[in-house]
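> turn this into a model:
(one chain, ligands or ions: 2)
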Amino acid sequence: MNGTSPAYDVVVLGAGPTGENLADRTRAAGLTTVIVENELLGGECSFWACEPSKALLRPVLARADARRVPGLRRAAEGPLDVPAVFEHRDAMAAHWQDADQEEWLDSVSVDLVRGHGRLNGPRQVTVDTPDGERVELTARHAVGVCTGTVTAFPDLPGLADVRPWTNRQATAARRVPDRLAVVGGGVVAVEMATAFRALGSAVTMLVRGGLLGRMEPFAGDMVTDALREAGVDVRFGRSVAAVEREGGGDGPVRVTTDDGDTLVADEILFATGRAPHTGDIGLETVGLTPGDWLPVDDSYRVPEITEGWLYAVGDVNHRALMTHQGKYQARIAGAVIGARAKGEPLDDGRWGRHAPTADSAAVPQVVFTEPEVASVGPTAREAERAGLKADVVDYDIGKIAGAVQYAEGYRGRARVIVDSERRNVVGATFVGPGVQELLYSATVAVTSEVPVDRLWHAVPAFPTISEVWLRILETYRDSDGSAG
Ligand SMILES: Cc1cc2nc3c(=O)[nH]c(=O)nc-3n(C[C@H](O)[C@H](O)[C@H](O)COP(=O)(O)OP(=O)(O)OC[C@H]3O[C@@H](n4cnc5c(N)ncnc54)[C@H](O)[C@@H]3O)c2cc1C
Ligand SMILES: NC(=O)c1ccc[n+]([C@@H]2O[C@H](COP(=O)([O-])OP(=O)(O)OC[C@H]3O[C@@H](n4cnc5c(N)ncnc54)[C@H](O)[C@@H]3O)[C@@H](O)[C@H]2O)c1
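Ligands and ions are numbered 1, 2, ... in the order given. Predicted coordinates for the structure are as follows:
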């Protein structure tokens, strides 16, 4: 497509998981839609984040499980087959090809323009295509910015010369470094430390605060213990003060931390958070600041644009940086844009179809470490800070018959937060092998606001790890004498 194209109802900038879903939903609402993408359709998640990272981690978690099952342990001894793991990873990243996605867009009647898109004044998007053409797009109803994020690096002199790894080099790695330094203590850091340790690297983590600081403290503690048992050198209270490559730029990386300590590694991964991918998308042409996050109102509109045509959805609005949450936002934003285009009223009360209630009440997340961490809703500390009168119910998952069946010496812990006045579950955290599949039950409990008294009738099968729900209810009943 070259030159000026016919006006569309909706122009979506960025075809990651969020942009693709937004385009799908606006099209489903009967609006003509075009999407602009300058790399691969599917975005960070498909090619350098969720998909390849989980493909690297799946063999690690399966091997750890197998090593705890009597009769299997000996078969699961020994190193991972690294070429086979990489081959699986390549397949899960679709070999960095997006032909299937292009076919899918076509099947849902969304037009595609490949190239770098920029806002160019109200409702206008200009795309510079790879073959040097310029395409001008006009949006009758809405422009949806879904441009995601990039790695946020600390401000360190000479960092670029060190050729630091980001999530991209880590998830698409073709070889396993002998020594890997990982900077950061968030989800990317713990997942990649877990993967590369199991693949054979000597891993050192340089962590400024704690691990998984936004989750229940016991989650970070249990993951720390497991990483250390696996041989990862986890160093807390360290920030990187300087980095350089030895041998005139081709040798290993020498890292100096703020306490004067030094460390030598073959590669260094910066897992130090994300920055908005908004530096070069023409924000200045509509009175916004390039490089800023795009905070939104509860209909995903950018409030500074008073005519109400600019929406920001997914990572770029900084609400909840996860694929499933970006897709949730896209479903809601698509329905909102559709309703507004038709002049229909919004159903935007709590849990209404046009209300992003889960963004604040029920964001689920699984951290695919060993042990896994799965959480939804506020932590105990967050509930307290929000002024919620809450009961905190803890249980040792290792005592449950299903856990004993699952693995010898199972170690795990559950915490459920109950609103003491309304008597419904508002949050839950599970740590342990195999807990990822427990999370949806907790998410349903939180979003349905099921009273705990009704949960007694949701009978978990014996002997499964889901019996943790029964034990939590018993513990809660025995602590406050409630019905059961
Ligand atoms: C290592 C890692 C692992 C992760 N694992 C998980 C996980 O297991 N589960 C999970 O839920 N989340 C995970 N995440 C987070 C997840 O990747 C993001 O939340 C998700 O990718 C956000 O989707 P998005 O569509 O908003 O943005 P992105 O996926 O970043 O997509 C943005 C798209 O916009 C395009 N774009 C940007 N600027 C322009 C422009 N000017 N013109 C045209 N196109 C443009 C980009 O090329 C890209 O395709 C992980 C993140 C990392 C870093
Ligand atoms: N399984 C999943 O759902 C999954 C997996 C990976 C990433 N993600 C999402 O992607 C996003 C990005 O993850 P992330 O781990 O990069 O970010 P994060 O914000 O979760 O963690 C960043 C970490 O880097 C540390 N840090 C920041 N600046 C630093 C500095 N200058 N020096 C030392 N440490 C510094 C922080 O203290 C923190 O520990 C998160 O929102 C995460 O939820 C999700």
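
> and the residue of the stretch 51-200 of the chain nearest ligand 1?
Nearest residue of the stretch 51-200 of the chain to ligand 1 (CB to the nearest ligand atom) works out as residue 148 at 2.0 Å. (Each C-beta comes from the backbone N, C-alpha and C, glycine too.)

> so that residue touches residue 316, yeah?
Yes: with contact defined as CB atoms under 8 Å, residue 148 reaches residue 316; the gap is 6.0 Å.

> for residue 303, see how far away the closest residue to residue 302 other than its chain neighbours is.
Distances taken as CB to CB, 6 or more residues apart in numbering put residue 310 closest to residue 302, at 4.5 Å, once the chain neighbours are dropped. The gap separating residue 310 from residue 303 is 9 Å, by CB to CB, to the nearest Å.

> neighbour count: the two, which is higher?
The residue with more neighbours, out of residue 310 and residue 303 and counting by other CB atoms under 10 Å, is residue 310; that gives 24 against 11.

> contacting residues around the more buried one?
119, 142-143, 145, 286, 301-302 (CB atoms under 8 Å, 6 or more residues apart in numbering).

> can I get those residues in CSV including distance to ligand 1?
As requested, the contacts of residue 310 are arranged in CSV below (distance: CB to the nearest ligand atom, whole Å):
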residue, distance to ligand 1
119, 9
142, 16
143, 12
145, 9
286, 14
301, 17
302, 15
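
> turn these into JSON lines, columns for neighbour count, pLDDT and secondary structure.
Converted to JSON lines, these look like this (neighbours: other CB atoms under 10 Å; pLDDT from 0 to 100; DSSP: H, G, I helix; E, B strand; the rest coil):
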{"residue": "119", "neighbour count": "22", "pLDDT": "98", "secondary structure": "strand"}
{"residue": "142", "neighbour count": "28", "pLDDT": "98", "secondary structure": "strand"}
{"residue": "143", "neighbour count": "26", "pLDDT": "98", "secondary structure": "strand"}
{"residue": "145", "neighbour count": "33", "pLDDT": "99", "secondary structure": "strand"}
{"residue": "286", "neighbour count": "19", "pLDDT": "98", "secondary structure": "helix"}
{"residue": "301", "neighbour count": "21", "pLDDT": "98", "secondary structure": "strand"}
{"residue": "302", "neighbour count": "21", "pLDDT": "98", "secondary structure": "coil"}
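
> tell me which two of those residues sit farthest apart.
119 and 301 (14.7 Å; CB to CB).

> state the distance from the closest residue to ligand 2 within the stretch 151-300 of the chain to residue 57.
Distances from the stretch 151-300 of the chain to ligand 2, computed as CB to the nearest ligand atom, single out residue 186 as the nearest residue at 2.0 Å. To residue 57, residue 186 is 15 Å away according to CB to CB.

> next: residue 21.
The span separating residue 21 from residue 57 equals 24 Å under the rule CB to CB.

> same check on residue 140?
To residue 57, residue 140 is 44 Å away according to CB to CB.

> same question, residue 292
In this structure, residue 292 and residue 57 are 33 Å apart, going by CB to CB.

> looking at those two, which one has more neighbours?
Using other CB under 10 Å, the more surrounded residue of residue 292 and residue 57 is residue 57, with 22 against 14.

> which residue, other than its chain neighbours, is closest to that one?
Of all residues beyond its chain neighbours, the one nearest residue 57 is residue 368 (4.6 Å), with distances taken as CB to CB, 6+ apart.

> near ligand 1, which residues of this protein show up?
Counting by CB under 6 Å from any ligand atom, the residues of the chain lying close to ligand 1 are 13-19, 36-39, 43-45, 49-50, 53-54, 116-117, 146-149, 167, 171, 188, 277, 281, 314-315, 321-324, 326.

> take those and keep only those in strands.
In this view, these that belong to strands under DSSP state E are 13, 36-37, 116-117, 149.

> among those residues, which one sits closest to ligand 2?
Using CB to the nearest ligand atom, residue 149 is the member of those that sits closest to ligand 2, with 7.5 Å.

> residue 243 versus the nearest residue to the closest one once chain neighbours are set aside, what's the distance?
Of all residues not flanking residue 149 in the chain, residue 274 sits nearest, at 3.7 Å (CB to CB, 6+ apart). Remark: distance between residue 274 and residue 243 (CB to CB) = 20 Å.

> looking at those two, which is more packed in?
Regarding residue 274 and residue 243, a neighbour count based on other CB under 10 Å identifies residue 243 as having more, with 23 against 20.

> is that one in contact with residue 160, as I believe?
No: contact criterion CB under 8 Å: residue 243 and residue 160 do not qualify, at 10.3 Å.

> in this structure, where's the longest helix?
For the chain, the helix with the greatest residue count under DSSP state H is helix 323-341.

> so is that helix next to ligand 2?
No: using CB under 6 Å from any ligand atom, we find that helix 323-341 stays clear of ligand 2, coming within 7.7 Å at best.
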